[in-house]
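Engineer: Here is my input; please provide its structure:
(2 chains)
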Amino acid sequence: MPEHIVEKKTYYAVFTGLILLLAATVALAYIHLGKLNIVAALTIAFIKATLIILYFMHVRYSSRLLWIFVGAGFFWLGILFALSFSDFFTRGWLPLPTGWE
Amino acid sequence: MPDHSIALAHQFDDIEQQHESAALGMWIFLATEVMFFGGMFLGYAVYRGVYHAAYAQASRHLDVLLGGINTAVLLCSSLTMALAVHAAQLGGRRTVVLFLLATMLLGSVFLGIKGLEYYHKYEERLIPGSHFEFSGPNTNHAQIFFSFYFVMTGMHALHMIVGIGIMLVMIMLTWRGNFSAEYYFPIEMSGLYWHFVDIVWVFLFPLLYLVDRS
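Structural biologist: Below is the predicted model:
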């Protein structure tokens, strides 16, 4: 048997958790939290994604080498977002130098 | 059912190595998919930062009920997919086919609901272009939101259609007896793809439907 077999009840538990988190994200969206609304929505989405990756996609039971491959994809996504945001959201911070208007 | 010597491709030392190679290759592909969807999420985020008011207004035109039901449908399909892989690991054939069929069916329900939503948007003239109509001061900015909505959910739906095609192939291969408790990797790799598409929707749903509901 080449791989660890996850028990069925683990899948059912993860699925229940995902449905509860879906209900939570819809409910929280209707409560006024200001800027925290998007923080709450994204936090729940990240938890859901992590549950799916670790259990449904068996990453939790996989080798360290696979962890690196999984992490690399999301690490590069982090670079894409970090560098782009540091450009777009800082553009208004300094006035344009004269002659560029 | 193939015996060990048939299941093990000759370039691998053992079946564990073959299994890990399949998983690593699949995750390299998924990394490219992360970047593919990541670019669209980035564009979405940058414009959301600039045109937040229009995003909030436009997002209220999406149907939270249908979107929420679709999220639940997709999560159910991920469960049936995980159970199909589980059954495959135990060497089942009929159970694998049944769970794969359930996954396909749930995927089709998702696409049906998505199509219904698209039709509603068409009727409300919310498809970007010359017939776009939006009451409010931010018509052009709302059009940007709907462009992201259609491109992102459209690419996601395209991935779902491909996924349903993959399930069909897996059902035929399973039925023909190509897999066993020792060699079920194609089913597991198809599962990785299906779960990835599910994860994309897990982010799309709150970002598109729940921008500013409070």
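
Engineer: Name the nearest residue to the closest residue to chain B within chain A, ignoring sequence neighbours.
Structural biologist: Nearest to chain B in chain A, going by C-beta to the nearest C-beta, is A:G73, at a distance of 3.1 Å. All C-beta atoms are positioned from the backbone trio N, CA, C, and that covers glycine. Nearest non-adjacent residue to A:G73, counting by C-beta to C-beta, 6 or more residues apart in numbering or on different chains: B:A31, 3.1 Å away.

Engineer: Equivalent analysis for B:Q57, please.
Structural biologist: Using C-beta to C-beta, 6+ apart, the nearest residue to B:Q57 is B:G136, at 5.4 Å.

Engineer: Next: B:F205.
Structural biologist: Nearest one to B:F205, counting by C-beta to C-beta, 6+ apart, is B:T71 at 4.9 Å.

Engineer: Is it correct that the one you found is in contact with B:P206?
Structural biologist: No: counting by C-beta atoms under 8 Å, B:T71 stays clear of B:P206, with 9.2 Å between them.

Engineer: can you pull out the helices in chain B?
Structural biologist: In chain B, the segments counted as helices under DSSP state H are B:4-7, B:15-50, B:52-59, B:64-89, B:94-123, B:139-175, B:185-209.

Engineer: Out of those helices, which gets nearest to A:A29?
Structural biologist: With C-beta to C-beta as the measure, helix B:185-209 is the member of the helices of chain B nearest A:A29 (7.1 Å).

Engineer: Measure how the closest one sits relative to helix B:139-175, angle-wise.
Structural biologist: Helix B:185-209 runs at 160 degrees relative to helix B:139-175, counting by axes from the mean of the first three to the mean of the last three C-alpha atoms, to 10 degrees.

Engineer: Report the buried residues of helix B:185-209.
Structural biologist: Across helix B:185-209, burial judged by 16 or more other C-beta atoms under 10 Å in any protein chain shown covers B:185-209.

Engineer: For burial, what's the neighbour tally of the nearest residue to B:R213 once chain neighbours are set aside?
Structural biologist: Closest residue to B:R213 in three dimensions, ignoring its sequence neighbours and counting by C-beta to C-beta, 6+ apart: A:A29, at 4.5 Å. Applying other C-beta atoms under 10 Å in any protein chain shown, we find 23 residues neighbouring A:A29.

Engineer: Just list the residues touching residue 68, thanks.
Structural biologist: Since you didn't name a chain, this refers to chain A. Listed by C-beta atoms under 8 Å, 6 or more residues apart in numbering or on different chains, the contact set of A:I68 is empty.

Engineer: my bad, chain B
Structural biologist: Here B:G68 is in contact with A:L22, A:V26, B:F205, B:Y209 (criterion: C-beta under 8 Å, 6+ apart).

Engineer: Kindly recompute the last result at 6 Å.
Structural biologist: Neighbouring residues of B:G68 by C-beta atoms under 6 Å, 6 or more residues apart in numbering or on different chains: A:V26.

Engineer: quick one: whichever residue of chain B sits closest to chain A and B:A82, what's the gap?
Structural biologist: Distances between chain B and chain A by C-beta to the nearest C-beta are smallest at B:A31, namely 3.1 Å. Going from B:A31 to B:A82 by C-beta to C-beta, to the nearest Å gives 21 Å.

Engineer: Tell me which of those two has more neighbours.
Structural biologist: Between B:A31 and B:A82, counted using other C-beta under 10 Å, the more crowded position is B:A82 (28 against 20).

Engineer: Please list all residues in contact with that one.
Structural biologist: Neighbours of B:A82 in contact, by C-beta under 6 Å, 6+ apart: A:Y11, A:F56.

Engineer: try it again with 10 Å
Structural biologist: B:A82 makes contact with A:6, A:8, A:10-12, A:14-15, A:52, A:55-58, B:99, B:103, B:188, B:191, B:194-195, according to C-beta atoms under 10 Å, 6 or more residues apart in numbering or on different chains.

Engineer: same question, A:L42
Structural biologist: A:T25, B:F203, B:P206, B:L207.

Engineer: Does B:E16 touch A:S63 like I think?
Structural biologist: Yes: under the criterion of C-beta atoms under 10 Å, B:E16 makes contact with A:S63 at 9.5 Å.

Engineer: will you turn the helices of chain B into JSON lines that also has mean pLDDT?
Structural biologist: Formatted as JSON lines, the helices of chain B follow (pLDDT from 0 to 100):
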{"stretch": "helix B:4-7", "mean pLDDT": "62"}
{"stretch": "helix B:15-50", "mean pLDDT": "95"}
{"stretch": "helix B:52-59", "mean pLDDT": "92"}
{"stretch": "helix B:64-89", "mean pLDDT": "97"}
{"stretch": "helix B:94-123", "mean pLDDT": "97"}
{"stretch": "helix B:139-175", "mean pLDDT": "96"}
{"stretch": "helix B:185-209", "mean pLDDT": "97"}
